[in-house]
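Engineer: what follows is a predicted protein model with its sequence.
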Amino acid sequence: MEILESRQNDICIFSIHGRLDSNTSAELDKRILLSLDNGAKHIIMECKQMDYITSAGLRIVVKTAKKMKSGSGQFILCAMADYVREIFEIAGFDRFLPIVPTLEDALKKI
Amino acid sequence: MSMLELPAKIENMEALMTFVSDRARSLGFSARRIKEIELASEEALVNIINYAYKDCDGIIRIVCSGDPIHLIIQIEDYGSAFDILSLSDPDTTSSLTEREVGGLGVFLIRKLMDDVTYSRQDGRNILTLFVRLPDA
């Protein structure tokens, strides 16, 4: 897995490439926490190149969502392949997380 | 029938997963279904490495076989007896505040596979995943 990170003012965008699984999710967790420590207020997770997410990855997503909820920032996911979206829906995460079609849509929501 | 047996280590995950996905590919499953099979297998393997062999080393054996309508993936370990199917499903309708952070691995296995069974035989935990063949 590769994580590309970019900043637009107080928004941090993480583009996930590859598999977010038991081997790689700790790295994403660390990067997200670091970006919040460095002043990011909102987090966007771009999933266009993500081809796989396991329960370990979902754990980081729900942990981040809980953390963001306690502050005033937003946590938005975007550009998921159908297969990845299906996993989020089975897990019921689409009930409490905004999942939008494109990165532009995500930026517009903030 | 084909079988692969390896030490239960994270570094062997890729070989174990490739063994399962190669088998699925040879049976003509779609790319999407293969990912679901990989996901369910990975969740089972991670559970074995993290829990069944939490305090000791051990081996994982994967046996792929079939019946006329299923690919059958049997995942075995010699760790402590534990029926992961006895775990209750997480409440996927709860709000974010009430939502537990973990507990989704076994739930995903159940949801993505056509059937799942557990048995304990001769000191082994045997988790069996049934996946309906593409043209069945």
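Structural biologist: On my side now, so go ahead. Computed from a prediction, not measured in an experiment: that's the story for all the values here.
Engineer: from what I see, residue A:56 and residue B:47 are in contact.
Structural biologist: No: checked against Cβ atoms under 8 Å, the pair residue A:56 and residue B:47 is beyond contact range at 11.1 Å. Where C-beta positions appear, they are placed from N, C-alpha and C, glycine not excepted.
Engineer: what is in contact with the two at once?
Structural biologist: Common contacts of residue A:56 and residue B:47 (Cβ atoms under 8 Å, 6 or more residues apart in numbering or on different chains): residue B:105.
Engineer: mind telling me what element residue B:60 is part of?
Structural biologist: For residue B:60, the host element (DSSP states H and E) is strand B:59-67.
Engineer: quick one: contacts of that strand?
Structural biologist: Residues outside strand B:59-67 that contact it (Cβ under 8 Å, 6+ apart) are B:1-8, B:12, B:16, B:19-20, B:23, B:27, B:41, B:45, B:48-49, B:71-78, B:133.
Engineer: which elements pack onto the longest helix along chain A?
Structural biologist: Identified as the longest helix of chain A according to DSSP state H is helix A:55-69. Counting contacts by 3 or more Cβ pairs under 8 Å, 6 or more residues apart in numbering or on different chains; DSSP states H and E, helix A:55-69 packs against strand A:11-20, helix A:25-37, strand A:42-46, strand A:75-78, helix A:82-91, helix B:105-112.
Engineer: redo that, cut-off 7 Å
Structural biologist: Applying 3 or more Cβ pairs under 7 Å, 6 or more residues apart in numbering or on different chains; DSSP states H and E, we find helix A:55-69 packed against helix A:25-37, strand A:75-78.
Engineer: now do the buried residues in that helix.
Structural biologist: A:55, A:56, A:57, A:58, A:59, A:60, A:61, A:62, A:63, A:64, A:65, A:68 (16 or more other Cβ atoms under 10 Å in any protein chain shown).
Engineer: closest to chain B among these?
Structural biologist: Comparing those against chain B with Cβ to the nearest Cβ places residue A:55 closest, at 3.9 Å.
Engineer: what pLDDT does the closest one get?
Structural biologist: For residue A:55, the model assigns a pLDDT of 96.
Engineer: now swap in residue A:71 and tell me
Structural biologist: pLDDT, residue A:71: 88.
Engineer: what's the separation between the closest residue to it other than its chain neighbours and chain B?
Structural biologist: Leaving out its chain neighbours, the residue that sits closest to residue A:71 by Cβ to Cβ, 6 or more residues apart in numbering or on different chains is residue A:41, at 7.7 Å. For residue A:41, the distance to chain B equals 18 Å [Cβ to the nearest Cβ, to the nearest Å].
Engineer: state the number of residues packed around residue B:32.
Structural biologist: Using other Cβ atoms under 10 Å in any protein chain shown, residue B:32 has 12 neighbouring residues.
Engineer: likewise residue B:56?
Structural biologist: 10.
Engineer: and for residue B:58?
Structural biologist: 15.
Engineer: hmm, back to that, what comes up buried for the strand holding residue B:60?
Structural biologist: Under the neighbour-count criterion of 16+ other Cβ under 10 Å, strand B:59-67 has B:59, B:60, B:61, B:62, B:63, B:64 buried.
Engineer: re earlier: to chain B, which of the helices and strands packed on helix A:55-69 lies closest?
Structural biologist: Across these, closest to chain B is strand A:75-78 (Cβ to the nearest Cβ), at 10.0 Å.
Engineer: could you dump that closest one to CSV, C-alpha only?
Structural biologist: Extracted in CSV, the C-alpha atoms of strand A:75-78 (Å, rounded to 0.1, in the frame of the first residue of the first chain):
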residue,chain,number,x,y,z
PHE,A,75,-14.1,13.3,7.8
ILE,A,76,-15.2,12.5,4.2
LEU,A,77,-14.5,9.5,2.0
CYS,A,78,-14.6,9.6,-1.8
